[in-house]
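*Asks:* this one's sequence-less:
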């Protein structure tokens, strides 16, 4: 009993150690409390209740933080997925509406496909005409080559005749 009185005096002067406070808590949580100490029972009961409530509050706070963290990441992933889907949709629609046939004339892009085809056809016809005109001397060269073959044959024939005469 005297020991509990000493511990209570130390406790109220804030000079008790943790081990001594635990001893007091154990004493007041037991059923063998002296009648003169019953006054302090409610004090130590409140401390125990506060301890359990603080623990529950901390647990709830951690749980709320964890659910907020999960919710945050779920929102981030869903928003990034929506953004990716919108970007892909935009790219597909843009590629479908883009005209494939175009021509550049004097630095200007022409998107009218019929006009572009006509323009390209006219340019290719002009190039073809130029090539045909430039190939005419080659056709004349073929005539010369054929003529030279006949002259060679005459020369070969002369050589055979000379060989036959000998």
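*Replies:* Yep, that arrived. Because the structure is a prediction, the values reported are computed rather than measured. Numbering: from 1, shown residues only.

*Asks:* show me where the protein has helices.
*Replies:* 2-12, 18-29, 41-97, 113-165 (DSSP state H).

*Asks:* quick one: which of the ones you listed is nearest residue 107?
*Replies:* Closest approach to residue 107 among the helices of the chain is made by helix 113-165 (14.1 Å; CB to CB). Placement of C-beta: from N, CA and C, glycine included.

*Asks:* And the closest one, how far out from the chain middle?
*Replies:* 62 Å (CA atoms, centre = their mean, to the nearest Å).

*Asks:* Packing partners of it?
*Replies:* Counting contacts by 3 or more CB pairs under 8 Å, 6 or more residues apart in numbering; DSSP states H and E, helix 113-165 is packed against strand 103-105.

*Asks:* how near is the residue nearest to the spatial centre of the chain to residue 148?
*Replies:* Centroid check for the chain by CA atoms, centre = their mean gives residue 84 as the closest residue, at 8.3 Å. Distance, residue 84 to residue 148, using CB to CB, to the nearest Å: 74 Å.

*Asks:* Residue 161 too?
*Replies:* As judged by CB to CB, residue 161 and residue 148 stand 20 Å apart.

*Asks:* same thing with residue 24?
*Replies:* To residue 148, residue 24 is 131 Å away according to CB to CB.

*Asks:* Between these two, tell me which one has more neighbours.
*Replies:* Ranked by neighbour count (other CB atoms under 10 Å), residue 24 and residue 148 place residue 24 first, with 20 against 10.

*Asks:* my read: the more buried one touches residue 37, true?
*Replies:* No. Using CB atoms under 8 Å, residue 24 is not in contact with residue 37; the gap is 9.7 Å.

*Asks:* For those two, list the residues in contact with both.
*Replies:* Residues touching both residue 24 and residue 37 by CB atoms under 8 Å, 6 or more residues apart in numbering: 4, 8.
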